[in-house]
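Enquirer: can you look at this prediction? I've put the sequence above it.
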Amino acid sequence: MVSSKRVYGLTTPFVSVFPDPITKTAAPTASDKNYPNGFVWIYKNGDTRTSYMYGGLDSSGDAVWILAGPGSSDVDTISGDSGTATPSAGNINIVGGTNITTTGASPTGDDVSVALDAAITLATSITSPLYTTAAATDLLLTGVSGQDVVMKLGDAAGATKFSITDSADSEVFAVDSNGGITFTNFSNTGTFTTAGGTASINASSNFNTVINSGTSTGTVTIGNAAAGAITVDTAAGISLDGATASNFTVTGAADLTLASTAGSIPITAGEAAADAIVLNASDGAGGVQIQAGTGGVLIGNQADCTTIDVGDIAPTASRTITVGGGQVATAGVADTIDIGVDAVTTEATASKVINIGTGTNDTGSLTLNMVSGTITSGTVAVNLLSGTGTKTLNIGNSTGTTTNLDGPFLVNDSINSNTSINTGTSTGTISIGNSAAGAVTVDTAAGISLDAATASNFTVTGAAADLTLNSVGGSVNISATEDDAGAIAINANGGTSEKITVTASQGTGVDSIGLVSTAGGLTLSAALASDDAINLSASAGGVDIDGAMQVNIASSENTADAISINSSAGGIDIVAAGAAGEDIDITCTSGSVNITAGESAADALIINASGAAGAIQLNSGTGGVVMDSGLTVNVTAVNNAASPYTLLGSDYVLAVDTSAGAVTVTLPAGPATGRTIVVVDEAGNAAAQNITISGNGNNIAGGGTLAATDVIDSAYGTMTLYFTGTIWNAQDIP
């Protein structure tokens, strides 16, 4: 409590005199209470002076200090919604901006008017919405009744445009300054009419044109009976699709031409009817011609089950069915008539049966002529069942005369048909060669298939005779479908020098050799009692061990180096991205843990806990913690340019230089208990330019007082502070 003074008066002795103001280098706080109402506190902050007047206590018992002298002006700062301003010479100016005019009432009024200009000029670039309506409210541009709403573009030559974009800045509608309209998606529910001039749709543009699509059921009409020619011309093909019966008819005496100058004309019908496709020239002299170039004419060349009949319709008169009956009139020219020469599909059960004259002949006669004309010179070849695939040739298989084949018995000698031995229901054994026979060679360009329904083997019994499975241009696949632990076994059982080698000689990919188990695990097991019983070696690259679950490296050997991780040239990184509690643990339950760095550098060994509340604990037994080379702590230099300086988690000693002005140091708001800070007046200027330390919400206890701040105001003064968990304890060393 500051007491009033009493002095002698001229007429009245002992007149009470109000105490003199005090001057301090710190502002008063809520805990500075022991003063009479009206007492003046002068805050000396360098060359600036601020006056406070004591106003008593508030309802919480805290001191109320009234700012009596704000500084060099009547108002210190003006705070706005996007910043603050500092008045000059006591003046507050309200300044207009683009499109805004401010005027003050004249001559003595206290009103300020803020108005928009008659014409609004926008900035050259608008990076935020010019006008935003409230939620669920439309943005309306409303013109005066009888007046248009005009948006004027900058030219009349199409160089500028009015553009509307979506929320992703993609243009959906535009009108250029020449009247051109562009739609990303145009939808019209009423009548759309164009009159005068050419109606152009998709001219010189590379997007699709759709008419009457979706769920539309209306009729599309193009032209009429009296209209001019209609031309459909495109380089990408024309498709006419109809869901009901359709026609394309020329009613006049004019030809209808379907032509493809460089492609094909497929005609396909999906109806299951005998007349699914009809070529009809029913006029008295009409005919049907099928003409082909060197590709010939193929009937029934698709791999299907359709019966193809030639001349199978019951005739009303005798007829001749001729296949390849045209005469050859040029020397050296030969006719080839192929029947069933297409390759059979690759399905194992597919086959071709070609029947020639096999139908039952009751009472009439059947004549089959094959190359029956007189041959005066040249050669005649009759190829039956030529080409690859399974085929059956039936000769005389109907009830009648047996056909005999005489002469040397050759199986498929220079004939391109398949050869079957022991097929059908035969159960006999097929033997090729014997143990004393010469070499057996099976040589083919079309592949070899060995199929068996029971256990089989392919064995080489000779001494030192290798068995080679080699595919020169393809792959070698070994597959087993048995559900058994030994489904596929590769076994070498010849002696102690034996090896099994899997080699990829040219593959450069990371998976040039792959061991893959798509459902189960993968085990590498070795019975050799050696430190290198299993080797993973990459002579030029690295070794990756990746797992979606735990990766475990364990050794049961009882030696000092039971598990060794060695990098002979580079470093070793151990990284874990786990969350809190998913730590990296290095534990030796009975031995020691040695961490050694041989580099001669300031950061040779770093232990870093850089989290906001991270800490490093060193726990030891009775042996304590030994530092052979002394203790070095972090020193941070702080000057007036950095003020106010907020303490970092890495700071310990602050070397403060106030030669350029006073410095404020702000302590952390939520420090850990025991956090210790040392603040030093390094340049010896604190007496003239103080160092103020703010508790940032935590009081500072020093010199027998408890306050929100403390001050170093002596040259080369030092203050040590540590946090008790509730307050900072400070020790001044003047």
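Expert: That came in fine, so what should we check first?
Enquirer: helix/strand/coil for the closest residue to residue 114 other than its chain neighbours?
Expert: Spatial nearest neighbour of residue 114, excluding adjacent residues (CB to CB, 6 or more residues apart in numbering): residue 102 at 5.3 Å. (C-beta placed from N, C-alpha, C; glycine too.) Look at residue 102: counting by DSSP: H, G, I helix; E, B strand; the rest coil, its state is strand.
Enquirer: give me the number of residues near residue 102?
Expert: 13 (other CB atoms under 10 Å).
Enquirer: ok, it touching residue 117?
Expert: No: using CB atoms under 8 Å as the test, residue 102 is too far from residue 117 to be in contact (11.4 Å).
Enquirer: tell me, what's the model's pLDDT at residue 562?
Expert: Per-residue pLDDT puts residue 562 at 78.
Enquirer: ok so it is a strand residue?
Expert: No: Residue 562 is assigned coil when assessed by three-state DSSP, not a strand.
Enquirer: quick one on the thing from earlier: contacts only, for the residue nearest to residue 114.
Expert: Residues in contact with residue 102 (CB atoms under 8 Å, 6 or more residues apart in numbering) are 94-96, 112-115.
Enquirer: this protein - how does it break down into domains?
Expert: Here the domain parsing of the chain from automatic domain parsing is 5-69, 635-733.
Enquirer: could you check how far the first one is from the centre of its chain?
Expert: Mean-position distance between domain 5-69 and its chain equals 69 Å (CA atoms, centre = their mean, to the nearest Å).
Enquirer: what bridges to residue 22?
Expert: residue 41 (DSSP bridges).
Enquirer: coming back round to it: quick one: the domains of the chain as TSV, columns for distance to residue 233 too.
Expert: Shown next, in TSV, are the domains of the chain (distance: least, CB to CB, whole Å):
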stretch	distance to residue 233
domain 5-69	88
domain 635-733	76
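Enquirer: list the buried ones in the top strand by length along the chain?
Expert: Counting by DSSP state E, the longest strand found in the chain is strand 48-57. In terms of neighbour count (16 or more other CB atoms under 10 Å), strand 48-57 has its buried residues at 50, 52-54.
Enquirer: between these, which is closest to residue 265?
Expert: The shortest approach to residue 265 among the buried residues of strand 48-57 belongs to residue 50, at 100.3 Å (CB to CB).
Enquirer: tell me the strands in the stretch 101-250 of the chain, going along the chain?
Expert: Per DSSP state E, counting those that start in this stretch, the stretch 101-250 of the chain carries strands over the ranges 112-116, 161-165, 171-176, 181-183.
Enquirer: in terms of secondary structure, what does the longest one contact?
Expert: Counting contacts by 3 or more CB pairs under 8 Å, 6 or more residues apart in numbering; DSSP states H and E, strand 171-176 packs against strand 161-165, strand 181-183.
Enquirer: deepest-packed of the domains of the chain, please.
Expert: Counting by mean count of other CB atoms under 10 Å, domain 635-733 has the highest mean neighbour count of these, with a mean of 17.
Enquirer: start and end of that domain, how far apart?
Expert: 18 Å (CA to CA, to the nearest Å).
Enquirer: offset the numbering so it begins at 542, please.
Expert: In the new numbering, first residue 542, that becomes domain 1176-1274.
Enquirer: now the residue nearest to residue 583 when sequence neighbours are not counted: how far from residue 593?
Expert: Excluding the flanking residues, the one nearest residue 583 by CB to CB, 6+ apart is residue 564, at 4.3 Å. Separation of residue 564 from residue 593 (CB to CB, to the nearest Å): 11 Å.
Enquirer: confirm residue 1182 sits in a helix?
Expert: Yes: assessed by three-state DSSP, residue 1182 belongs to a helix.
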